[in-house]
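**Q** Sharing a sequence plus its predicted fold:
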Amino acid sequence: MKYEFQIGQRVVAIVDHPAMNKTITRGATGTVKAIASESDLTIGVEWDNEVRGGHCLEDKYLNQRCKKGHGWFVREWEVEPIHEDVDDSGVAADDDFWALIGL
C-alpha cells in the first residue's frame with residue numbers, strides 16, 4: 001500500500017533492516033524529517049533510538065534535520081504511518097487511558 005508521508009508524521013518500520021540497516025527492525029518507530037524525490041530512499045526518518053551508521057539527515061545546505069546518529073533514509077514501502085485512534089473529542093484514545101489512571 002502506498003502512503004502519502006508528511007514531515008512530522010510518526011512512522012513504524014514494517015520490515016526488518018530497512019535500507020539494509022541491521023539495527024532497525026520491524027516495529028521500530030520514528031518521525032519523518034525529510035522527503036526526497038531524487039532517490040529510491042525517499043523517506044528520511046529520525047528513529048527514536050540511535051541506529052548504526054545513523055546521521056543527522058543533512059540537506060544540501062548542511063542543515064541538520066534530526067539528532068545525530070538517529071537519521072536514516074528508507075524506502076516508502078519499508079515504513080507505514082502510525083495512526084492513533086481519535087475519539088469525537090479529538091483526543092487520542094491512548095491519552096484517555098493515561099488520564100483515566102492518573103498519569
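**A** Arrived safely. Residues are numbered from 1 along each chain as shown.

**Q** can you give me phi and psi for Glu76?
**A** Backbone torsions of Glu76, given as degrees, to the nearest 10, read phi -60, psi -40.

**Q** and it, how far is that from Pro18?
**A** Separation of Glu76 from Pro18 (CB to CB, to the nearest Å): 10 Å. Heads up, the C-betas are built off the backbone N, CA and C, glycines and all.

**Q** Same drill for those two, tell me which one is more crowded.
**A** More crowded of Glu76 and Pro18, by other CB atoms under 10 Å: Pro18, with 24 against 16.

**Q** shouldn't the more buried one be in contact with Val74?
**A** Yes: with contact defined as CB atoms under 8 Å, Pro18 and Val74 form a contacting pair (4.1 Å).

**Q** Quick check, pLDDT for Asp85.
**A** With respect to pLDDT, Asp85 scores 59.

**Q** Please, where are all the strands along this protein?
**A** Applying DSSP state E to the chain gives strands spanning 10-13, 29-35, 43-47, 71-74, 79-81.

**Q** Just the CA atoms of stretch 71-86, as PDB, please.
**A** Extracted in PDB, the C-alpha atoms of stretch 71-86 (Å, rounded to 0.1, in the frame of the first residue of the first chain):
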ATOM      1  CA  GLY A  71      18.700   9.600  10.900                       C
ATOM      2  CA  TRP A  72      18.300   7.100   8.200                       C
ATOM      3  CA  PHE A  73      16.600   7.200   4.800                       C
ATOM      4  CA  VAL A  74      14.300   4.300   3.900                       C
ATOM      5  CA  ARG A  75      12.100   3.300   1.000                       C
ATOM      6  CA  GLU A  76       8.400   4.200   1.200                       C
ATOM      7  CA  TRP A  77       7.300   0.500   1.300                       C
ATOM      8  CA  GLU A  78       9.500  -0.200   4.400                       C
ATOM      9  CA  VAL A  79       7.600   2.100   6.800                       C
ATOM     10  CA  GLU A  80       4.000   3.000   7.300                       C
ATOM     11  CA  PRO A  81       2.300   5.800   9.300                       C
ATOM     12  CA  ILE A  82       1.300   5.300  12.900                       C
ATOM     13  CA  HIS A  83      -2.400   6.100  13.200                       C
ATOM     14  CA  GLU A  84      -3.700   7.000  16.600                       C
ATOM     15  CA  ASP A  85      -7.300   6.200  17.400                       C
ATOM     16  CA  VAL A  86      -9.000   9.600  18.000                       C
END
